[in-house]
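[1] Predicted model, plus sequence, below.
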Amino acid sequence: MAVAIASLPAELPAVLVLIATALVTYGERRVHGYNYAYLKVVGGEELIPEQMKRYYHIQQALPWVAWLSHFLLPGFLRWTAIPVLGLTLLMTSLLLRIWSMRSLGRLWSHRCVFVPGMPRTRQGPYRFVRHPEYASHALEGLGLLLFFGANPLVLALWIWNSNNAAKICKIESRQLYELSVAPLQMPEASSTVGASD
């Protein structure tokens, strides 16, 4: 860890990326809290809670593991970084995730919540991709691999979490199949739940 502190000026871009990902994570958790409370009030049923928690915990730990492994692993296990391409993928990932969240509105959450009778959204990136948020997480992981320099540990963690996302997508796809194709109509909820509109 002393090496990390000693090389801080050279590591400033990496520290800025870590701070940015921490701020994004904090913002997502706040939005999730508001929306999750809303979804529960309107009769949402949470499916696979443990799998979803594990998926998001690993996704949130990935930037820190990528950064720390750069210092902790021997040089022959670290591959060359491509920071500009990595940063481009990280920004693309963030924009796709924001677009997904805004398109879902109060229906977005870190959890797989099934609301009976709630129709599938066909707005924003959902017109083109069935699960754009998981696609954004895959892009984020790839961006982190390129930005910090890939290594077997981070690569294995990214592949493992991408596999978790694929399993979650199958469950969510099964849910979506059961939903109506009627236009999206938000059920009313108590005004004390979540953030103001």
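    Everything's here; your move. All figures in this text were calculated on a predicted structure; none of them were measured in a lab. Numbers count the residues shown, from 1 in each chain.

[2] Nearest the geometric middle of this protein, what residue?
    Residue closest to the mean C-alpha point of the chain, counted by Cα atoms, centre = their mean, is residue 137 at 4.7 Å.

[3] tell me which element it is part of?
    helix 132-148 (DSSP states H and E).

[4] Stretch 125-133: end-to-end distance?
    Distance between the two ends of stretch 125-133: 9 Å, counting by Cα to Cα, to the nearest Å.

[5] Enumerate the positions of that stretch that are buried.
    Neighbour-count burial for stretch 125-133 flags 125-126, 131-133 (criterion: 16 or more other Cβ atoms under 10 Å). The way it works is simple: take the backbone N, C-alpha and C, and place the C-beta from them, glycine included.

[6] tell me how far it is from the chain's mean position?
    In this view, stretch 125-133 has its centroid 14 Å away from the chain centroid, taken as Cα atoms, centre = their mean, to the nearest Å.

[7] Report the rounded mean pLDDT for the longest helix seen in the chain.
    Assignment by DSSP state H gives helix 12-41 as the longest helix of the chain. Across helix 12-41, the average pLDDT comes to 92.

[8] repeat for stretch 174-194
    Stretch 174-194 shows a mean pLDDT of 51.

[9] Show the model's pLDDT score for residue 67.
    Note on residue 67: pLDDT of 89.

[10] Understood, closing this out.
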